[in-house]
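**Student:** Here is my input, please return the structure:
(2 chains, ligands or ions: 2)
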Amino acid sequence: MPADTTLGSVAIEALAGIQPEPGVAKPDPILVADHVVRQFGGLRAVDVTHLEVQRGAITALIGPNGAGKSTFFNVISGFDTSDEGSWTYNGQTITNTAPNKLARKGLVRTFQLTKSLSRLKVIDNMRLGAGGQTGESIFPAVFKFTWGRQEADITQRAMNLLERFNLAAKADDFAGSLSGGQRKLLEMARALMLNPDLIMLDEPMAGVNPALKQSLLDHIRDIREEGTTVMFVEHDMDMVRDVSDWVVVMAQGSIISEGTPTTVMRDQRVIDAYLGAHHEAALTESGESLTNSADKEADA
Amino acid sequence: MDFGFILSQSLTQAIGVTAIIYCLAAIGLNLQFGYGGLLNFGQVAFVAVGAYSVGATVIAVGSSLWLGIVIGILLAIVLALILGIPTLRLRADYLAIVTIAASEIIRFAAKSSDFLGGAQGTTGAIGADFYALNPLPEWERFEFGPISFTRVDMWVVLVGWVVIALATLLTWALMRSPWGRVVKGIREDEDAVRSLGKNTYLFKLQILILGGVFGALGGMMSAISRGSVQPDGFVPDFTFFLYVMLILGGTARVLGPLLGAAIFWFLLVFVEQVLKEGVSSGVITFISTTQIGPIRFILVGVGLMLLMIFRPQGILGDRKELMLDAR
Ligand SMILES: Nc1ncnc2c1ncn2[C@@H]1O[C@H](COP(=O)(O)OP(=O)(O)OP(=O)(O)O)[C@@H](O)[C@H]1O
Ligand SMILES: [Mg+2]
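**Tutor:** Ligands and ions are numbered 1, 2, ... in the order given. Next up, the predicted model:
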């Protein structure tokens, strides 16, 4: 396949001409959020005026600790309730909709603190992800012939995904026996069992070793090539620069910058938000400051 | 000391009517707590509903036992809905508080209701319709080695174990299915299961209902076999004994409640009989006959503590599984 016909290149092209402004409109948004506010006492943890997420692209959500990224994910995915605001998904209003309903519509998220189901086997964690199972209704459940075939198909799909995520050897172990990084992988693979349209990953690479991080980045690109929109939170700027088509920056609950990775990392507001007074401090793993690494990217 | 007699008494109790009643209620609790993680501290409420339904239908209303059984099942479903609908959306501990309160409310309400016989309860030929069906030959006793039952008890025990076998089969079939997988997932982390598109509320309501119906069946067995329903038979201790049996046998094991109930009653009767024989034959001098009741519970309690130390997963449990979250 020639490089310029991949879905990734289509997404990059679609985002190419867009002004790097907070709240800027996108050509084909899958998710649109308006005036979303979530307060904890006096703290406005989330205060997003407008955000559009481009369909088919990989969007990174970055920002310092406590910026409100996870809270924003929780609100959008129905695990937390907003105080104000509304948001649509595929043009449909989904403000404060229950998470299980959203998952069925194809909006699936993972958690910053992994939620693997410890006393279920890895393969059962995966099978649980599949939607539309006949055997999940109580009456057919009693009779295996009603769901046996479907179960076999689901198991096949689960094993294929586990293979991709290097977890196939662990299929029959309890999920509780996995390492922290393996749990991250399992949670991502499990979410993919739902064939999501939009997958929201909260720090999918935290605690994953560098070699595996590279293969995770490949997985994320693969997901995009299969037509799934990806939104992810990540602190590792090298990873963000490597994989994302668009970057959204949050600080103190609001979106302070948006743009391609290169433009965002040059943005003075972003540098200020991240580094405060310590402008000279290094932010990326390679020890470069944001501006330097962005320059290098531009030169390349 | 006549160990033959003691053993025969204990074994008979281990598979007898009382064990059957507790076993049915424990099968229900195993579904709710063992597999689904629901903290139902008022399982005895369902047992009471089952017992009073057949008792009142037969004695107070004068209708048939079969109608009473249908009413009992329906009322158990209604009770599960009343308890579950407001609480199952909330944190797990709310259900615990509500269920224990409900079980006491039901006991006191029954105690002060003339229709249900007040503090005396309901007594009479509750099981007449059931005993009329007894097909067993007219023998004096039915003996199997050390175990022996009267003809009437034999019939109750036979039917009781058939019902237990069916309930166990149903549990097994459900727990190997995708439905059971969702239920076990809820026990581990409800939010994770919700994030995968499952309506966990509905599943929790289903296990509360199903487990409650099993509890009610236990109550019906008790009313039928004893020919009476006493409000003070439904104290919260009942539920705690159920938990003891579950933990003893192994939670979230299909056969856990069976083994747990049988061993619990075997031990209780065995200790009691040994103490009784010991006191009456003068071997044990430091306690009196009246102290035997409480002391057997103390000894069984000590035994349970030892079990928790050396086999915390219960008899059928898997220690590896138990240790997963302790890392
Ligand atoms: N349940 C809660 N109750 C009170 N305050 C909360 C709650 N959850 C989050 N907060 C506060 O909201 C703010 C945003 O938290 P959030 O978890 O969204 O940050 P984050 O951007 O995901 O940070 P990190 O990168 O460290 O994960 C923080 O100041 C946090 O203390
Ligand atoms: Mg976070």
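
**Student:** Flag every buried residue along stretch B:37-52.
**Tutor:** If you call a residue buried by 16 or more other Cβ atoms under 10 Å in any protein chain shown, then stretch B:37-52 has these buried ones: B:37-52. C-beta here means a position set from N, CA and C on the backbone, and glycine is covered the same way.

**Student:** And the residue of chain B that's closest to ligand 2?
**Tutor:** residue B:191 (15.1 Å; Cβ to the ion).

**Student:** residues contacting that residue?
**Tutor:** A:79, A:99, A:111, A:115 (Cβ atoms under 8 Å, 6 or more residues apart in numbering or on different chains).

**Student:** Pop out the phi and psi values for it.
**Tutor:** phi -60, psi -40 (degrees, to the nearest 10).

**Student:** follow-up on the earlier one: which two from the contacts of residue B:191 end up farthest apart in space?
**Tutor:** Based on Cβ to Cβ, the longest span within these runs between A:99 and A:115 and measures 11.9 Å.

**Student:** Touching both of these two, which residues are there?
**Tutor:** By Cβ under 8 Å, 6+ apart, the residues touching both residue A:99 and residue A:115 are B:191, B:195.

**Student:** Thought residue A:185 was touching residue A:216, still the case?
**Tutor:** Yes - counting by Cβ atoms under 8 Å, residue A:185 is a contact partner of residue A:216 at 7.4 Å.

**Student:** who's more crowded, these two?
**Tutor:** residue A:185 (26 against 21; other Cβ atoms under 10 Å in any protein chain shown).

**Student:** How about residue A:102: what's its closest non-neighbour residue?
**Tutor:** Nearest residue to residue A:102 in three dimensions, chain neighbours excluded: residue A:78, at 5.3 Å (Cβ to Cβ, 6 or more residues apart in numbering or on different chains).

**Student:** Surely the one you found forms part of a helix?
**Tutor:** No - assessed with DSSP: H, G, I helix; E, B strand; the rest coil, residue A:78 is coil; it does not lie in a helix.

**Student:** Give me the pLDDT value at residue B:327.
**Tutor:** On pLDDT, residue B:327 comes in at 43.

**Student:** Hmm, I typed the wrong one, I wanted residue A:278.
**Tutor:** 52.

**Student:** And residue B:190, how far from residue A:60?
**Tutor:** The gap separating residue B:190 from residue A:60 is 29 Å, by Cβ to Cβ, to the nearest Å.

**Student:** okay, these two: which has more neighbours?
**Tutor:** residue A:60 (23 against 20).

**Student:** Could you verify my assumption that the more buried one touches residue A:244?
**Tutor:** Yes - with contact defined as Cβ under 8 Å, residue A:60 reaches residue A:244; the gap is 3.8 Å.

**Student:** list residues touching both of those two?
**Tutor:** Common neighbours of residue A:60 and residue A:244 (Cβ under 8 Å, 6+ apart) are A:232, A:261.

**Student:** what residue ranges in the chain score low on pLDDT?
**Tutor:** All of this is about chain A. Residue ranges of chain A with pLDDT under 70: A:1-5, A:275-300.

**Student:** that's the wrong chain, I wanted chain B
**Tutor:** For chain B, the stretches with pLDDT under 70 are B:1, B:323, B:325-327.

**Student:** Which of the three states applies to the residue of it most remote from its centre?
**Tutor:** Note on chain B: the largest C-alpha distance from the chain mean falls to residue B:282, namely 36.1 Å (Cα atoms, centre = their mean). Here residue B:282 is coil, with the state taken from three-state DSSP.

**Student:** Next, give phi and psi for it.
**Tutor:** phi 80, psi 10.

**Student:** Ok, the one 5 residues further on next?
**Tutor:** Backbone geometry at residue B:287, expressed as degrees, to the nearest 10, gives phi -130, psi 160.

**Student:** how about the residues of the stretch 51-200 of chain A near ligand 2?
**Tutor:** By the rule Cβ under 5 Å from the ion, the part of the stretch 51-200 of chain A lying against ligand 2 is A:70, A:112.

**Student:** Quick check: buried residues in stretch B:302-319?
**Tutor:** Quick answer for stretch B:302-319 (16+ other Cβ under 10 Å): B:307, B:313-317.

**Student:** What's the nearest residue in the stretch 201-327 of chain B when you look at ligand 1?
**Tutor:** Using Cβ to the nearest ligand atom, the closest approach of the stretch 201-327 of chain B to ligand 1 is made by residue B:201 at 21.6 Å.

**Student:** what's near enough to touch that residue?
**Tutor:** Residues counted as contacts of residue B:201 (Cβ under 8 Å, 6+ apart) are B:88-89.

**Student:** could you pull out the helices for the stretch 101-250 of chain A?
**Tutor:** Ranges of helices within the stretch 101-250 of chain A are A:122-129, A:138-142, A:148-164, A:180-192, A:210-225, A:237-243, based on DSSP state H, counting those that start in this stretch.

**Student:** ditto for the stretch 151-300 of chain B
**Tutor:** B:151-175, B:178-188, B:190-195, B:200-226, B:236-249, B:256-280, B:292-310.

**Student:** So for residue B:8, which of those helices sits nearest?
**Tutor:** helix B:256-280 (9.6 Å).

**Student:** Show me how far that closest one is from its chain's centre.
**Tutor:** 17 Å (Cα atoms, centre = their mean, to the nearest Å).

**Student:** Would stretch A:254-261 count as contacting ligand 1?
**Tutor:** No - judged by Cβ under 6 Å from any ligand atom, stretch A:254-261 makes no contact with ligand 1; its nearest approach is 11.7 Å.

**Student:** Just the C-alphas of that stretch, formatted as CSV.
**Tutor:** What follows is stretch A:254-261, C-alpha atoms only, in CSV (Å, rounded to 0.1, in the frame of the first residue of the first chain):
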residue,chain,number,x,y,z
SER,A,254,-9.1,24.6,30.4
ILE,A,255,-7.7,24.0,27.0
ILE,A,256,-4.8,26.4,26.5
SER,A,257,-3.5,25.2,23.2
GLU,A,258,-4.2,22.9,20.2
GLY,A,259,-2.3,22.1,17.1
THR,A,260,0.0,19.6,15.5
PRO,A,261,2.7,18.3,17.8
